[in-house]
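# Structural data only, the sequence is not supplied:
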């Protein structure tokens, strides 16, 4: 599903990624661990096409994202990759369901169709009675599940998560981790998760460790 070879990235003469190779199978759930500054988030941003590498090759399935035009790349990202962040990044003035359907509206889906899909996801994610709640009225765990629904909205092939449980308590962290495996089982997505949570890392299909811009 994902193949990256010899990925390098520097900022202001600081080499953040050094000839990174990573291959991820379809339906695999892997975790990437390492100290702060190891390059984990930068790698995730490149895999999510939010940043371009200075050098290297990258493919998602049969697609070569960085050979697309900017418009094509934005469409590819919207339809093929879902993002879950440590801080859920929900828009405070929007309801839970309005936040969740944003990727579908950006794609051009009818609002009615998007809301139907969101309600199906909310039911699966145990958010059935939270449609009209704004983020401030939701618990931390509920806010993160809304963010997961938003990531799943367009049925992307790949879910990229950056410290998704970093802002949650132990109970909600454990529930979120189990949710990822349930989603993989039910929807078949491929997951790449950057995490400091050793419990999540240890139950992943594979745990990859980074240090000083490389896998070790």
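Sure, I can see it. Predicted, not measured: the structure shown is a model, and the values here were computed from it.

# going forward, measure contacts between C-alpha atoms and count neighbours the same way
OK.

# Residue nearest the middle of the chain, spatially speaking?
residue 160 (2.4 Å; CA atoms, centre = their mean).

# Name the residues of the helix ranked longest in the chain that are buried.
The residue-count maximum for a helix in the chain (DSSP state H) belongs to helix 170-187. By 16 or more other CA atoms under 10 Å, the buried positions in helix 170-187 come out as 172-173, 176-177, 179-181, 183-184.

# Check the offset of it from the chain's centre.
How far helix 170-187 lies from its chain's middle: 13 Å, per CA atoms, centre = their mean, to the nearest Å.

# Please apply the same query to stretch 180-193.
11 Å.

# can you list contacts of that stretch?
1, 24-32, 156-164 (CA atoms under 8 Å, 6 or more residues apart in numbering).

# Need the buried ones from these selected in ChimeraX.
Of these, the buried ones go into a single ChimeraX selection, burial set by 16+ other CA under 10 Å:
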select :1,24,26,27,28,29,30,31,32,156,157,158,159,160,161,162,163,164
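
# Now, the contacts of stretch 180-193 that are in helices?
Those of the contacts of stretch 180-193 lying in helices (DSSP H): none at all.

# by contact count, what packs against the host helix or strand of residue 45?
Taking DSSP states H and E as the criterion, residue 45 maps to helix 40-47. Secondary-structure packing of helix 40-47 (3 or more CA pairs under 8 Å, 6 or more residues apart in numbering; DSSP states H and E): strand 14-24, strand 158-162, strand 190-194.

# can you pull the contacts of the residue nearest to the centre of the chain?
Contacts of residue 160 (CA under 8 Å, 6+ apart): 44, 48, 81-84, 191-193.

# What mean pLDDT does stretch 30-43 get?
Averaged over stretch 30-43, pLDDT sits at 87.

# Just the pLDDT for residue 196.
For residue 196, the predicted pLDDT is 83.

# Next, the contact list for it, please.
Counting by CA under 8 Å, 6+ apart, residue 196 has contacts 33-34, 163, 166.

# Is it possible to get CSV of the buried residues of helix 170-187 that adds pLDDT and distance to residue 215?
CSV is the format used below for these (pLDDT from 0 to 100; distance: CA to CA, whole Å):
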residue, pLDDT, distance to residue 215
172, 73, 29
173, 78, 26
176, 76, 26
177, 82, 23
179, 80, 27
180, 83, 24
181, 86, 24
183, 82, 27
184, 85, 25
